[in-house]
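Sequence and computational prediction follow.
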Amino acid sequence: MGVDIKSIPYDDFKDNETLEELRKSGAPVWLSTLDSIVNWGRSNSVWPLTFATSCCGIEMMAAGAPRHDFARFGIEVYRASPRQADVIVVAGTIVRKMVPVLKRLYDQMADPKYVIAMGACAVSGGPFYYNSYSVVRGVDQVIPVDVYIPGCPPRPEALLYGVMQLQRKIQMKTLTGQNDVEPTPSLDPSTEDKSRFIMPEGAPEQTTEECKPSN
Amino acid sequence: MQTEQLTTFVQSLVPRALPGVSKQYPEFIILADKIHEVAKTLRENPETNMDYLFCLTAVDRNDGFHMVYHLTSSTFHHTLVLRVILPDKVNPVIITVSDIWRAAEYFEREVFDLFGIRFENHPDMRRLFLEDDWVGYPLRKDYKDSFTLER
């Protein structure tokens, strides 16, 4: 018995020019050694927050269960408290009523923190993009996203792939911050089309400042 | 009771009840002022004993809002559907059945929340899912807001 998980061809896995270009930019020797130690530690113990709002959560549980077992890759142990978590995997539909809760969870996480948008709903609103009075069209309208995983729901392998991309991203970090790849920022309500935004008419203006990444 | 007996029983209760469209269960369209009395009889009559309201919902149709009640009996396992048509599409009102089945209390709050149908004598007529300051009733066909993208 067993599942054939096709290994990702190395060239495909590395097919992300942004990250590999950054490696060329270089860094002071002693800092770069320190960086690699810090990044080795951070990228190999990414603790996710127990947060799932629909069927993607089931796939996330499957990814954590023995058959796929993403503890192999260091995304280890689900934390029930945002204060102990490094990454929030937004697995599922986010409705407007959920937005303040999600935002608070993100704000409560300690830096450095990362966001994975898992599944069509978290990426763009997915099947609820049109004709829905309640579903937020993409979690990136609320919090900054590091990795998007498309699928409805994505298979556990896709989540594993996404997590490994996040680990690569973490490994590019430096203490001086020169190689930082900023996550997709929250859209700016002042410049974007207002109708895409989550707040109904008459609601107080929301600032996106407090949920910008600070690292 | 068998379906035929149940049908005859309801017809004796409300002689002018029209048969509904359901193919799965016996269904009757009855008048709004009769619903409370019919529901109470069906619940209290030992031969029907409809002690379980397993679904209460509403439908927005061209001729008005349709209230749909799915009743079943946990002793006889027979099921019956009652439908009430409320022609008023702006301010529909109907009497509550939450004094007959406690479960209707939340069902009716949900229907009020999403369709704006008010229930007379309901003990706690508030929105259930949406915020209290929400404007409009989102499952109505004529609902419009600034958030929804239509296609």
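Cool, the structure landed. Numbers count the residues shown, from 1 in each chain, chains lettered A, B, ... in the order given.

Ramachandran angles for residue B:64?
Phi and psi for residue B:64, reported as degrees, to the nearest 10, are phi 130, psi -170.

Would you check that it makes contact with residue B:90?
No: using C-beta atoms under 8 Å, residue B:64 and residue B:90 do not qualify as a contacting pair, with a distance of 10.5 Å. Heads up, the C-betas are built off the backbone N, CA and C, glycines and all.

Compare neighbour counts for these two and give me the winner.
Neighbours of residue B:64 and residue B:90, each counted by other C-beta atoms under 10 Å in any protein chain shown, are more numerous for residue B:64; the result is 15 against 7.

who's the more buried one bridged to?
When bridges are assigned using DSSP bridges, the partners listed for residue B:64 are residue B:61.

mind listing what it touches?
With C-beta atoms under 8 Å, 6 or more residues apart in numbering or on different chains as the criterion, the residues that contact residue B:64 are B:85, B:86, B:87, B:88, B:89, B:92.

what's the answer for residue B:114, then?
Listed by C-beta under 8 Å, 6+ apart, the contact set of residue B:114 reads B:58, B:129, B:130, B:137, B:138, B:139.

mind putting the residues you listed in JSON lines, neighbour count included?
Written out in JSON lines, the entries for those read as follows (neighbours: other C-beta atoms under 10 Å in any protein chain shown):
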{"residue": "B:58", "neighbour count": "24"}
{"residue": "B:129", "neighbour count": "13"}
{"residue": "B:130", "neighbour count": "17"}
{"residue": "B:137", "neighbour count": "19"}
{"residue": "B:138", "neighbour count": "19"}
{"residue": "B:139", "neighbour count": "16"}
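
from those, which are also near chain A?
The overlap between those and the neighbourhood of chain A (criterion: C-beta under 8 Å from any C-beta of the partner chain) consists of B:129, B:130, B:138.

Can you tell me the closest non-neighbouring residue to residue 121?
Assuming you mean chain A. Spatially, and ignoring its direct neighbours in sequence, residue A:121 is nearest to residue A:93 (4.0 Å; C-beta to C-beta, 6 or more residues apart in numbering or on different chains).

wrong one, I was asking about chain B
Beyond its immediate neighbours in the sequence, the residue positioned closest to residue B:121 (C-beta to C-beta, 6+ apart) is residue B:96, lying 4.9 Å away.

One more: residue B:88?
Spatially, and ignoring its direct neighbours in sequence, residue B:88 is nearest to residue B:64 (6.8 Å; C-beta to C-beta, 6+ apart).

can you count the residues close to residue B:33?
Taking other C-beta under 10 Å as the neighbour definition, residue B:33 ends up with a count of 10.

Ramachandran angles for it?
Dihedral pair for residue B:33: phi -80, psi -10, per degrees, to the nearest 10.

now residue B:118
With angles defined as degrees, to the nearest 10, residue B:118 shows backbone torsions of phi -90, psi 140.

quick one: it and residue B:137 touch, right?
No: counting by C-beta under 8 Å, residue B:137 is not a contact partner of residue B:118; they are 10.8 Å apart.

Which of the helices and strands in the chain ranks last by mean pLDDT?
No chain specified, so I'll use chain A. Of all the helices and strands that make up chain A, the one with the lowest confidence by mean pLDDT, DSSP states H and E is helix A:17-23; it has a mean of 58.

Oops, wrong one, chain B.
Scoring the helices and strands of chain B by mean pLDDT, DSSP H and E places strand B:18-19 at the bottom, with a mean of 80.

ok, and what's touching it?
Outside strand B:18-19, the residues that touch it by C-beta under 8 Å, 6+ apart are B:26, B:27, B:28, B:29.

Partner strands of the helix or strand following that strand and their direction?
Tracing the chain past strand B:18-19, the next element assigned as helix or strand by DSSP states H and E is strand B:27-30. The strands beside strand B:27-30 in its sheet (DSSP bridges) come out as strand B:18-19 (antiparallel), strand B:79-86 (parallel).

Need the winner for burial among these.
Each of the strands paired with strand B:27-30 was scored by mean neighbour count; the highest is strand B:79-86, a mean of 20, by mean count of other C-beta atoms under 10 Å in any protein chain shown.

Now do that strand: everything it contacts.
By C-beta under 8 Å, 6+ apart, the residues outside strand B:79-86 that reach it are B:6, B:10, B:20, B:22, B:25-32, B:35, B:38-39, B:42, B:48, B:50, B:61, B:63-73, B:92-94, B:117.

Could you measure from the residue lying closest to residue A:120 once chain neighbours are set aside over to chain B?
Of all residues beyond its chain neighbours, the one nearest residue A:120 is residue A:126 (2.9 Å), with distances taken as C-beta to C-beta, 6+ apart. Distance of residue A:126 to chain B, computed by C-beta to the nearest C-beta, to the nearest Å: 13 Å.

Now residue A:126. Its backbone dihedrals?
Its backbone dihedrals place residue A:126 at phi 50, psi -130, with angles given as degrees, to the nearest 10.

residues in contact with residue 148?
You didn't say which chain, so I picked chain A. With contact set as C-beta under 8 Å, 6+ apart, residue A:148 has these partners: A:116, A:117, A:123, A:162.

My question was about chain B, not that one.
With C-beta under 8 Å, 6+ apart as the criterion, the residues that contact residue B:148 are A:131, A:132, A:133.

tally of neighbours for the second one?
The reference is to residue A:132. As a measure of burial, residue A:132 has 18 neighbours, counting by other C-beta under 10 Å.
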